[in-house]
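**Student:** Prediction below, plus the sequence it came from.
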There are 4 protein chains.
Amino acid sequence: MECKVKRFGILTSGGDAPGLNAAIRALCRAAKNQYNMEAVGIFNGYRGLINGDMKVLSENELSGLIAQGGTILGTSREKPFKNPVVNEATGLLPVEAIKENYKKWNLDALVCIGGNGTNTTASLLFQSGLNVIGLPKTIDNDIEGSDVTFGFYTALDVATDAIDRIHTTACSHGRVMIVEIMGHKAGWLGLYSGIAGGGDAILIPEIPYDINSVAKKIKERKSSGKNFSIVVVAEGAKSKEESLLDKKSFKKARAVMQCTIGARVAKELEEATGFECRATVVGYLQRGGTPSPYDRLLSTQIGAAAADFIAQEKFGNLVAVQNGKIKPVPLDYVAGKVKNIPLDHPMIKTARDLGICLGD
Amino acid sequence: MECKVKRFGILTSGGDAPGLNAAIRALCRAAKNQYNMEAVGIFNGYRGLINGDMKVLSENELSGLIAQGGTILGTSREKPFKNPVVNEATGLLPVEAIKENYKKWNLDALVCIGGNGTNTTASLLFQSGLNVIGLPKTIDNDIEGSDVTFGFYTALDVATDAIDRIHTTACSHGRVMIVEIMGHKAGWLGLYSGIAGGGDAILIPEIPYDINSVAKKIKERKSSGKNFSIVVVAEGAKSKEESLLDKKSFKKARAVMQCTIGARVAKELEEATGFECRATVVGYLQRGGTPSPYDRLLSTQIGAAAADFIAQEKFGNLVAVQNGKIKPVPLDYVAGKVKNIPLDHPMIKTARDLGICLGD
Amino acid sequence: MECKVKRFGILTSGGDAPGLNAAIRALCRAAKNQYNMEAVGIFNGYRGLINGDMKVLSENELSGLIAQGGTILGTSREKPFKNPVVNEATGLLPVEAIKENYKKWNLDALVCIGGNGTNTTASLLFQSGLNVIGLPKTIDNDIEGSDVTFGFYTALDVATDAIDRIHTTACSHGRVMIVEIMGHKAGWLGLYSGIAGGGDAILIPEIPYDINSVAKKIKERKSSGKNFSIVVVAEGAKSKEESLLDKKSFKKARAVMQCTIGARVAKELEEATGFECRATVVGYLQRGGTPSPYDRLLSTQIGAAAADFIAQEKFGNLVAVQNGKIKPVPLDYVAGKVKNIPLDHPMIKTARDLGICLGD
Amino acid sequence: MECKVKRFGILTSGGDAPGLNAAIRALCRAAKNQYNMEAVGIFNGYRGLINGDMKVLSENELSGLIAQGGTILGTSREKPFKNPVVNEATGLLPVEAIKENYKKWNLDALVCIGGNGTNTTASLLFQSGLNVIGLPKTIDNDIEGSDVTFGFYTALDVATDAIDRIHTTACSHGRVMIVEIMGHKAGWLGLYSGIAGGGDAILIPEIPYDINSVAKKIKERKSSGKNFSIVVVAEGAKSKEESLLDKKSFKKARAVMQCTIGARVAKELEEATGFECRATVVGYLQRGGTPSPYDRLLSTQIGAAAADFIAQEKFGNLVAVQNGKIKPVPLDYVAGKVKNIPLDHPMIKTARDLGICLGD
């Protein structure tokens, strides 16, 4: 099929996540096969678009990408609309430089792959007149408008494997182990890995916790002969007291906290139970490595669909997934939002049914 | 909450699959926690129900099950309604023995976990007057009425890992490698692992193949400088000629085939292309081992929901998943059917968009 | 074969490590098969021996243990000879209680599985008159007298996988990533995982580091177009300045250090290079989970050999491995020592040959 | 250090195995760093050397290779000394073409990485006057003169994982499962994976089997309440009757065998025990994928040592490992031999101690 768009740019932005390369491969192949479009790779996120750091991608560069972690295009956290400053050499604002490069490279469309920040910027660029499409990538699964994001299920594999391993230590030593899982704003990864890893308590940002509830659960297990417990804590977990703070006060409180949230919960629990508690932070491992088959399929499907979006000129949209189907969702609806776990989510009910303590 | 059902039986039947133990654990825990119901484990599928080989399950036996492959209850392919014979010692038909044991053990409900065969039997038992609920387990993902079945995504991990490994050999030796993946009736596992593993051609039961199409694809790759190819073949793949046969003739033709379908495709391709082709059968590995986090969550959610089904007396239903939500689907709708990949399924479109040959 | 020993006790002590259960299984099976000896499991390390918390192990309890992480016997860091106190109820010192229980349970021998601390205690118990045999278990690989210890290669798998994952993030973001690996006293795990994970610099206790050497390496990589680097840091890594401190002063200096050594190195490197540096601590994951085939074989071989040691009354020895063969090594030679990496070790030469910076 | 050798060729030959790329990387880097030597990559084994298909390798091409399966140089089973024919175009025999290309490309040395066949050819080339060094690669671990070969431990991981997975199926279905593992001539992989995977019987080429011994073991397990068994069969396993045949008759007998050895053992066992027996062939999976940390370290160490061998002009040798140390072993000693498991090998004793049936 022929279409008006002859050439599009593609960039990856924000924290890296498994599936980025698979999405790039699928988009470029589908665009070439279906519509004979040419892809221009933009390096290091929006920074490369500002600086004109880009090149035409050849089929050869796409081979073997489906199983490869990270992003061959590189990434950055550059935000062209946040505190923009005029470049001294060129006299241009970031958004002006972007427009110049977009024109100079004869781009008819621009595909931005990333999380909340990336798609918020994508929305602004669309409003600035560029033909932008967004793709939902994040291990946090917190992009509004899409049921799922690629990167999430691979991170879930890593987080669950970590909890599994810690399980054997907890059990052998008769200890309470606290495992800190990524997720500053939303608790998807914490909740899912906590259930999958057989956690006894799971603390997530969506449900402020009372340490005494957690302590009670651990003591009950002890009474019933189980002398160890696993407590999974999302980075963004907060106590009931903290949940009463406004955003600014909360940020300030956290900034002066001398330890990780996992370590704090360990200390609180040790005081409340008298048992030995140890914390571990799974950390950056959750971002890297080869994407799981689930994420390869998801990013491939989304990438291939993005080619259709371009050809059909569905600009200003996120290539979202709803009920297992690809759907366009306006970027200005997505922008600036965080998709939290609704309190009536079936997985929260499942956790409660199993007797897992959610901190409340 | 209190409910009328005080005690239920639980059995696993058919081929084993990852997630069975997780489902047992979730069901028994949720049933106890939510409704104070007692679980009776029935050993080795319907065989144990016929022979009265069963025991009350204690909380202790449920610990650590979420990550454990196989089924602690054992399984069999016993089909009480297929060619039933009277037991000489008891003078009872299988279904009569089942009813006796159901009564003798004071069961108020029966949960049958398995695939198509298991749920067909479950449907017949429901029609015979027992309070039956079915759970969708199979690595084949081919149960009608449920979008997904537990076991499938773990098998996908194994199959994809196998294709990944074979990729390096194919590439190093410049060979065509044929990988045979489970799936006698439906091609879900073959299609999904084929895309995720970066396969160049994928042959599934739903799309009868012309070996010349596959040969053409491989030769095109060779011409473009790629001297290896991966062909993924589902067990149930058939040629266009075979697809014209009636079911009986097809079965007969296959029975006299001296090799696996993978080996046959390898031979056909070697003749059609002149390139070195080697086949490998991934086999039983696809069934076993610890369930992936995805399958742990799915089987846990389904297991916990089954407790609600029992308490709410939603008998005669499969605990199905539709659009990410638990839904009751009548067992008599499920019985005797196979869920094939619809030809307009998005993943088939995705494969074609990427230039993957589907054999047609 | 018959032998004098009819019954022996077995305990696991110190930090848990993969392979403990495989060793227990092999020892008990070989002891039963070869010599008809009976095994008594002692719970939670030396604590169970002091308290008489033990039971005869049956064949049934050994099934499936080879692949199971942790220890079915539990473990503790109890050290009966360190600051011993008389038990108020019994009026006995720990070592007296141990002797009483040893006698009361009709033990003819005692097998202690653990690391440096465990085998030091084992040596003292042997000197106290018990028929003791030690088994070398530790992920740190730092037991004097044995070329290798079980647990090490599984931990190496986990640590290397972590570095692999962090590699993709480092590369995608163009960052310097610091990965902290276990090893307070010896650098085996850090050195081996650092080489296997493709680290650019590796800091281990055996080679005090100069941060400027590391910074130089990273800057050279940048100059040659590689905009990321991986620095692997063992927990016990120390700077050249710190290496001049006596043991007490060093401990004190570390006690007041507000962050992990990995975080400190990150800070130092950021200052010395001006590049973005991020630290991650792999932590407890390195201890847990199913043992790798290598460790299953090693612990099985050592466990089975321990049965021979008992039957041949080679008491007071560690079941060590030297040049691939089992050798008895006197526990009093092992006690109180740490096996560090010799500076002329081939793997250190290999690292230097490849241009890896070792901090000096 | 400077040395006489300025430039060397490098090729990989025979079946691919994990660690080839890591060895290439280590050799080329060490050769450059230590001795400023230049590496010429030769494509597709000896075929590329005959055809002059080669190119100078740059540092850039070595990045990221340590974790990559397969071989970037490609491989073939070309044997220049076996039934050599004069090339019509050039009028040269293969060995003459090799010498011409060696000269034309200014090679001072040649490194051949491979198994028994490769090193036998390497030995002949050395005798023909080239400065050849061999490196021991094979998943079969059967190269005479080296305690271990790279590729073996990764294949062991894959084979053991396969047995683990089949374990859960065997146990759930109460079946006898036969698992066929690679190893036509030597049983290392079968024996090691069999022990590591908890096999109940292990059949290897070194110990001809009596099917009745295996049947007895399985029946004993049944009697003691264990209703499943795992039988691990190396490809080269043979019955006592077959072991009496001369090599030619044996080959003929196998050529007409209509099924795999695993399937044959399954059939024999089903007849001898009356239990349901199923066979599975692990196959090509054992060759591919990312090398394990053990193999990365081994191939890196061997690769780096090969640079020293070249510089020190230790030509005509295999870079072997003995008792954990690198040793030169003359290629003419290695050539034409297969390293079988000695019957007094400690791992055979370990298997017997544990009660594993070895078929005799």
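**Tutor:** On my side now, so go ahead. Predicted model only: the values in this text are computed from it and were never measured.

**Student:** where does the stretch 151-300 of chain A come near chain C, residue by residue?
**Tutor:** Proximity of the stretch 151-300 of chain A to chain C, by CB under 8 Å from any CB of the partner chain, involves residues A:158, A:161-162, A:164-169, A:171-174, A:177, A:258, A:278, A:280-285, A:287-289. Using the backbone N, CA and C atoms, a C-beta is placed for each residue, glycine as well.

**Student:** Just the ones of those residues in strands?
**Tutor:** When DSSP state E is applied, those are split such that A:Met177, A:Arg278, A:Thr280, A:Val281 fall in strands.

**Student:** Among those residues, find me the one that's closest to chain D.
**Tutor:** A:Thr280 (21.2 Å; CB to the nearest CB).

**Student:** secondary structure class for A:Arg14?
**Tutor:** One correction, residue A:14 is Gly, not Arg. Under DSSP: H, G, I helix; E, B strand; the rest coil, A:Gly14 falls in the coil class.

**Student:** Over to A:Pro136?
**Tutor:** strand.

**Student:** Wait, it touches A:Gln301, no?
**Tutor:** No: using CB atoms under 8 Å as the test, A:Pro136 is too far from A:Gln301 to be in contact (11.7 Å).

**Student:** Tell me, how many residues neighbour A:Glu100?
**Tutor:** A total of 14 residues lie near A:Glu100 under the criterion other CB atoms under 10 Å in any protein chain shown.

**Student:** before we move on, what about A:Pro328?
**Tutor:** Other residues close to A:Pro328 by other CB under 10 Å number 17.

**Student:** Doesn't it lie inside a strand?
**Tutor:** Yes: A:Pro328 forms part of a strand when assessed by three-state DSSP.

**Student:** Look up the residues forming beta bridges with it.
**Tutor:** Under the criterion DSSP bridges, A:Pro328 forms beta bridges with A:Val319.

**Student:** Need the nearest residue in space to A:Gly355, chain neighbours excluded.
**Tutor:** B:Asn33 (4.9 Å; CB to CB, 6 or more residues apart in numbering or on different chains).

**Student:** can you tell me the helix or strand for that neighbour?
**Tutor:** B:Asn33 belongs to helix B:20-35 when elements are defined using DSSP states H and E.

**Student:** I would like a PyMOL command selecting only the buried ones among the residues of the stretch 151-300 of chain A next to chain C, please.
**Tutor:** Buried residues within these, by 16 or more other CB atoms under 10 Å in any protein chain shown, are selected in PyMOL with:
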select buried, chain A and resi 158+161+162+164+165+166+167+168+169+171+172+173+174+177+278+280+281+282+283+284+285+287+288+289
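
**Student:** Tell me the spacing between A:Asn13 and chain D.
**Tutor:** One correction, residue A:13 is Ser, not Asn. According to CB to the nearest CB, to the nearest Å, A:Ser13 and chain D sit 23 Å apart.

**Student:** quick one, phi psi at A:Leu107?
**Tutor:** The phi/psi pair for A:Leu107 (degrees, to the nearest 10) reads phi -80, psi 140.

**Student:** ok, it - contacts?
**Tutor:** Listed by CB atoms under 8 Å, 6 or more residues apart in numbering or on different chains, the contact set of A:Leu107 reads A:Arg7, A:Phe8, A:Gly9, A:Val40.

**Student:** For it, report the pLDDT, please.
**Tutor:** The predicted structure scores A:Leu107 at 98 on the pLDDT scale.

**Student:** From chain B, how far off is A:Ile341?
**Tutor:** 13 Å.

**Student:** swap that for A:Gly174, sorry
**Tutor:** Distance, A:Gly174 to chain B, by CB to the nearest CB: 14 Å.

**Student:** pretty sure that residue contacts A:Asn227?
**Tutor:** Yes: here A:Gly174 reaches A:Asn227: they are 4.1 Å apart, a contact under CB under 8 Å.

**Student:** Who has more neighbours out of A:Pro136 and A:Gln301?
**Tutor:** A:Pro136 (33 against 26).

**Student:** partner residues bridging that one?
**Tutor:** Where A:Pro136 sits in a bridge, its partners, by DSSP bridges, are A:Gly114.

**Student:** helix/strand/coil for A:Gly69?
**Tutor:** coil.

**Student:** got the contact list for it?
**Tutor:** By CB under 8 Å, 6+ apart, the contact set of A:Gly69 is A:Asp16, A:Pro18, A:Asn21, A:Gly288, A:Gly289, A:Thr290, A:Pro291, C:Arg165, C:Thr168.

**Student:** For it, give me phi and psi.
**Tutor:** Per degrees, to the nearest 10, the backbone of A:Gly69 is at phi -70, psi 180.

**Student:** Chain neighbours aside, what residue packs nearest to it?
**Tutor:** C:Thr168 (3.6 Å).

**Student:** I figured the one you found hits A:Gly15, correct?
**Tutor:** No: in this structure, C:Thr168 is not within contact of A:Gly15 by CB under 8 Å, at 11.6 Å.

**Student:** got any residues that touch both of the two?
**Tutor:** Shared contacts of C:Thr168 and A:Gly15 (CB under 8 Å, 6+ apart): A:Arg287.

**Student:** about what we covered before: most widely separated two among the contacts of A:Leu107?
**Tutor:** A:Arg7 and A:Gly9 (7.9 Å; CB to CB).

**Student:** how far away is A:Gly274 from A:Lys222?
**Tutor:** 10 Å (CB to CB, to the nearest Å).

**Student:** Which one of those two is surrounded by more residues?
**Tutor:** Set A:Gly274 next to A:Lys222 and count neighbours by other CB under 10 Å: A:Lys222 wins out with 16 against 10.

**Student:** Extract the CA atoms of the helix or strand containing that one and return them as CSV.
**Tutor:** A:Lys222 belongs to helix A:211-223 when assigned by DSSP H and E. Output of helix A:211-223 as CSV, limited to C-alpha atoms (Å, rounded to 0.1, in the frame of the first residue of the first chain):
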residue,chain,number,x,y,z
ILE,A,211,2.8,-0.8,60.2
ASN,A,212,0.8,-2.4,62.9
SER,A,213,-1.3,-4.3,60.4
VAL,A,214,1.8,-5.7,58.8
ALA,A,215,3.3,-6.6,62.2
LYS,A,216,0.0,-8.3,63.1
LYS,A,217,0.2,-10.5,60.0
ILE,A,218,3.8,-11.5,60.7
LYS,A,219,3.0,-12.4,64.3
GLU,A,220,0.0,-14.5,63.2
ARG,A,221,2.2,-16.4,60.9
LYS,A,222,4.7,-17.0,63.7
SER,A,223,1.9,-18.2,65.9
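
**Student:** where does chain A have low pLDDT?
**Tutor:** Chain A contains residues with pLDDT under 70 at A:1.
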